[in-house]
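J.: Sharing a sequence plus its predicted fold:
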Amino acid sequence: MHARKDNPELIRAQELGVKIYSYPEFIYEQSKDKIRIVVGGSHGKTTITSMLLHAMKKLNVKTDFLVGALLEGFDCMVQLSDAKYMVIEGDEYLTSPIDLTPKFHWYAPHYAIISGIAWDHINVFPTFENYVEQFKIFTDKIEPNGTLVYYIGDPEMQKMIPSIRKDIIIRPYDAPEFSVENGVTSLLSERRKYPLQVFGKHNLQNINAAKLVLNQLGFSDDQVYSAMMDFKGAAKRLELIAQNESSVAYKDFAHSPSKLKATVAAVREQFPDRKLIACMELHTFSSLKKDFLPQYKNCMEGADEAFVYFSHEVVHHKKLEPITAELVRDSFGSSNVKVFTNSGELTTHLRSMNWSNTNLLLMSSGNFDGVDLNRFARELIN
C-alpha cells in the first residue's frame, strides 16, 4: 500500500506487462507448498503470532514466518526457507493500490485463528457489516478439512460459526485457569503451576489460541505452557519500560476501543492495589474520524485518571473533519478523562504527579508527537 497508483515503477511495470506481485500474494506464492498457520482478528494478532513462534522455537519446530513486530530471539520480521510450516500474521488491511482486498484473503490457511472482531480501518471498511464480512471471506478461504480456532466470547464470531463450512474443524478458546500472586500471573493445570512473564486475560486467551493450534500439531498442554513461561511479549504490546518497587510503566500499541479497554483492564487486574494513570493518543485515521469517536465510549473508565491526546495538525494532515477536545471528552464519556491537544502540556502534567504506588500506561500507534516514551517513563518512575 506504500506504493501509490501513480508510482512510476508500478506504472512502467504495467506498461511492460511485467508480472506484479503484491506483498501478500508474494508471501502466498512462497508458502503455497507449506502448512500455513494464519492469525487474524481485530486485536491480538501480533501477540498470538509471537507466541506461536516462541513456542515453536522452544519445541524445535522449524517454521517460516511473517509477523508485524520484531520479536526477542528473532533478528527479522519475515523468514522464508525450506521449513514445513509458515506462521503468518493475517492483517485485514488492503493488499495494494491495485488490489483493494484484505491481505489475509490471500493466505488460504490450513490453521486459522480469529481472536475477535471489533470495527477498525473505518477509512476502507465504511460500515461494521462490511468489516465483519471480510472475516467471513477469510474463513471461506481455509483449506479443505482445515481448522478454525476462535475466541468463544466474541459475539460476531458466535453469529458466524453456524455458517462455517462443514469440513472445517472448529476449536473455540477462552482464558485458561490462572492465579495472580505478588504481581505474577500463573497458568494452572492438574499437573503444575506455570508462572508467566506476561499477564492480562487477553494474553491468557492468546496463549490458549496458540496452544490449540500446537495441540493439533501434536504437542501437549504441558509442553506448550512450559514453552510459554519465558515469553516476554511482543514489542509495544504491554511492554515494560520502567519500574521501581512501587510503580511500573508499560507502553502498548493499543489505539482502537476494544484494545484500550482490554489493556487498561489487564494492568488494573494485575495491580489492583495501585493507582492507574492511562494515557492514549488518537493517531490513526479511524480514531480521529468524527463519526468513529463514539465507539470509544467508556473504554478507559477502568483507569483512575485517563488522559487522551490528539494533534490538530495530524487531523489536518489526514484531511479529516476538525474535531475538538470537548467532542473527544464527550465521546469517551467517563468522568476520569481529560483531553490534551498539546504534547508538552501533557508531559508537564505527568511530571507534576506523585508516582508513589502508581502505574503508568502509555498507549499509541505513534509517539505522542515526538516523545521518547522509554526515557520519559524512566524519568517519571525513577
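T.: Nice, I can see it.
J.: what sits against Asp230?
T.: Contacts for Asp230 (C-beta atoms under 8 Å, 6 or more residues apart in numbering) come out as Gln197. Where C-beta positions appear, they are placed from N, C-alpha and C, glycine not excepted.
J.: hang on, it is in a strand, isn't it?
T.: No: counting by DSSP: H, G, I helix; E, B strand; the rest coil, Asp230 is not found in a strand; it is coil.
J.: Output the below-cut-off pLDDT ranges for the stretch 1-150 of the chain.
T.: For the stretch 1-150 of the chain, no stretch has pLDDT under 70.
J.: can you give me the helices for it?
T.: Counting by DSSP state H, counting those that start in this stretch, the stretch 1-150 of the chain has helices at residues 8-16, 23-31, 45-58, 128-140.
J.: Same question for the stretch 151-300 of the chain.
T.: Taking DSSP H, counting those that start in this stretch, the helices of the stretch 151-300 of the chain run over residues 155-160, 201-216, 221-228, 257-270.
J.: With mean pLDDT, mean neighbour count and distance to Cys299 added, can I get those helices in TSV?
T.: Formatted as TSV, these follow (pLDDT from 0 to 100; neighbours: other C-beta atoms under 10 Å; distance: least, C-beta to C-beta, whole Å):
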stretch	mean pLDDT	mean neighbour count	distance to Cys299
helix 155-160	97	16	17
helix 201-216	96	23	14
helix 221-228	97	20	28
helix 257-270	90	22	4
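J.: among these, which is nearest Arg191?
T.: The minimum distance between Arg191 and the helices of the stretch 151-300 of the chain falls on helix 221-228, with 6.0 Å, by C-beta to C-beta.
J.: Put the alpha carbons of that closest one into PDB.
T.: Taking Å, rounded to 0.1, in the frame of the first residue of the first chain, the C-alpha atoms of helix 221-228 are listed here in PDB:
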ATOM      1  CA  ASP A 221      -0.700 -28.600  27.100                       C
ATOM      2  CA  ASP A 222       2.300 -29.200  29.400                       C
ATOM      3  CA  GLN A 223       4.800 -28.700  26.500                       C
ATOM      4  CA  VAL A 224       3.100 -25.500  25.300                       C
ATOM      5  CA  TYR A 225       2.600 -24.000  28.800                       C
ATOM      6  CA  SER A 226       6.200 -24.800  29.700                       C
ATOM      7  CA  ALA A 227       7.500 -23.100  26.500                       C
ATOM      8  CA  MET A 228       5.400 -20.000  27.300                       C
END
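J.: quick one on the thing from earlier: possible to save the helices of the stretch 151-300 of the chain as TSV with distance to Tyr85?
T.: Formatted as TSV, the helices of the stretch 151-300 of the chain follow (distance: least, C-beta to C-beta, whole Å):
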stretch	distance to Tyr85
helix 155-160	25
helix 201-216	10
helix 221-228	15
helix 257-270	28
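J.: Now do Leu217: how many residues are near it, please.
T.: Counted with other C-beta atoms under 10 Å, the neighbours of Leu217 add up to 16.
J.: Correct me if wrong: it contacts Thr63.
T.: No: assessed by C-beta atoms under 8 Å, Leu217 is found out of contact with Thr63, at 10.0 Å.
J.: Touching, Glu9 and Ala3? I think so.
T.: Yes: with contact defined as C-beta under 8 Å, Glu9 and Ala3 form a contacting pair (7.5 Å).
J.: The two: who's more crowded?
T.: Between Glu9 and Ala3, counted using other C-beta under 10 Å, the more crowded position is Ala3 (15 against 10).
J.: dump the residue contacts of the more buried one.
T.: Glu9, Leu10, Ser96, Pro97.
J.: okay, the residues you listed in a markdown table with distance to Val87 next?
T.: A markdown table is the format used below for the contacts of Ala3 (distance: C-beta to C-beta, whole Å):
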| residue | distance to Val87 |
| --- | --- |
| Glu9 | 30 |
| Leu10 | 29 |
| Ser96 | 22 |
| Pro97 | 27 |
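J.: Show me the protein divided up by domain.
T.: For the chain, automatic domain parsing gives the domain ranges 8-228, 239-381.
J.: what about the longest one, start to end distance?
T.: Meaning domain 8-228. Terminal residues of domain 8-228 lie 47 Å apart, using C-alpha to C-alpha, to the nearest Å.
J.: for stretch 347-361, same thing?
T.: First residue to last in stretch 347-361 (C-alpha to C-alpha) measures 13 Å.
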